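Peer 1: got a predicted structure plus its sequence, pasted below:
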Amino acid sequence: MNEPTYQLRRSHGVGYAVAGFSRACLIRLIDFPDMPLRTNVHETVKVGGTALLVRTEFPVENRRISAAYKRVRRRNWWKVLTGFFRTNRQLRTWRLGRQLLEYNITTPRPLAVIVPRWYQIGVEAYLAIEWIDGARNLRQVALSLSQFTSTTRRSFTHAAATGVGELIARMHEARISHRDLKATNLLLRKTASGVESYVIDLDGAQHHLRRLGWHQRFCNLSRLELSSRELPSISNADRLRLLKAYLDASTAPKPQWKTAWQELREITGQRALRPKRRAA
């Protein structure tokens, strides 16, 4: 997916958008980036110390589409100062999302991003991505499984575990890691043909020059392994199915599944002993 984009520079900031995104709308976003957070809000998805996420709509390709719109401010002044020497994180996330789609790694389509000019200290950045209708994150899905029959539940979890394992494998094969692969950062959507899976919140993702080693791969997988242990409806059999699907979809020389399973559980155990990070 090599979708063309364009860029607009204005005194209030810089905007990047896909070609079909309304130019007039992008100008308004650059000049008044908080407007979608106050008007036409369909749902407030997340309110955190550094991030606010809502569901709204934007005009794209002559129609209004549902989108997630996120405002992010830097956590502290050290982050603000180091930002002078780095690409803005939301701009990097926007570019990485486009890159994932080019690699056939399913993630919500990035629509637009608004970032401050280099001299604007402490100014927030804003990211708009397409909303995946009918999708819920893995944690939400797992908490709702009890309402289904055992046959339906088993069929769904098998398909979901396989799909998520293959998705993460494609991402790692493309030399992209994600250090925050928790259950809330994976979306699932049931379709007539099966279960679709999407990776989101690419703030924790990074593209590498070299192929990922197995220790780094297992460190990524351990984040999901640990968060899934908090969900009783996800069994060890489901987690093992995900790992086997991941191994089957990986082209790099790989360990036997029993060896991989043991190493993953050891790394997950070490991760469980770490202090929890403060939520954004």
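Peer 2: That came through fine.

Peer 1: tell me the confidence at Lys46?
Peer 2: The score at Lys46 is 90. That number is its pLDDT.

Peer 1: which of the three states applies to it?
Peer 2: strand (DSSP: H, G, I helix; E, B strand; the rest coil).

Peer 1: so it makes contact with Leu53?
Peer 2: Yes. If you go by C-beta atoms under 8 Å, Lys46 and Leu53 touch, sitting 4.1 Å apart. For the C-beta atoms, the positions are set from N, CA and C on the backbone; glycine is no exception.

Peer 1: which one of these two has more residues nearby?
Peer 2: Of the pair Lys46 and Leu53, Leu53 is the one with more neighbours under other C-beta atoms under 10 Å, namely 19 against 14.

Peer 1: residues in contact with the helix or strand hosting that one?
Peer 2: Assigned by DSSP states H and E, Leu53 belongs to strand 51-60. Residues outside strand 51-60 that contact it (C-beta atoms under 8 Å, 6 or more residues apart in numbering): 18, 20-22, 25, 36-37, 40-47, 64-73, 111-112, 128, 131, 280.

Peer 1: list only buried entries from these.
Peer 2: Buried by 16 or more other C-beta atoms under 10 Å: 18, 21-22, 25, 36-37, 65, 67-72, 111-112, 128, 131, out of those.

Peer 1: so of these, which ones are in helices?
Peer 2: The helices, defined by DSSP state H, take in 25, 36-37 from those.

Peer 1: would you format those residues as CSV with pLDDT and distance to Ser227 included?
Peer 2: Below are those laid out as CSV (pLDDT from 0 to 100; distance: C-beta to C-beta, whole Å):
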residue, pLDDT, distance to Ser227
Cys25, 97, 36
Pro36, 95, 30
Leu37, 94, 28
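
Peer 1: and the helix or strand where Ser155 lies, what does it pack against?
Peer 2: Secondary structure from DSSP H and E places Ser155 in helix 150-173. Counting contacts by 3 or more C-beta pairs under 8 Å, 6 or more residues apart in numbering; DSSP states H and E, helix 150-173 is packed against helix 138-144, strand 176-178, strand 186-191, strand 194-199, helix 214-228, helix 236-249.

Peer 1: quickly note the distance from Val164 to Leu186.
Peer 2: Distance from Val164 to Leu186, counting by C-beta to C-beta, to the nearest Å: 6 Å.

Peer 1: which residues are common contacts for those two?
Peer 2: Shared contacts of Val164 and Leu186, defined by C-beta under 8 Å, 6+ apart, comprise 138, 197, 224.

Peer 1: surely Asn2 and Glu102 touch.
Peer 2: Yes. With contact defined as C-beta under 8 Å, Asn2 counts as touching Glu102 (6.2 Å).

Peer 1: neighbour count winner among the two?
Peer 2: Neighbour comparison, Asn2 and Glu102: the larger count goes to Glu102, with 12 against 7 (by other C-beta under 10 Å).
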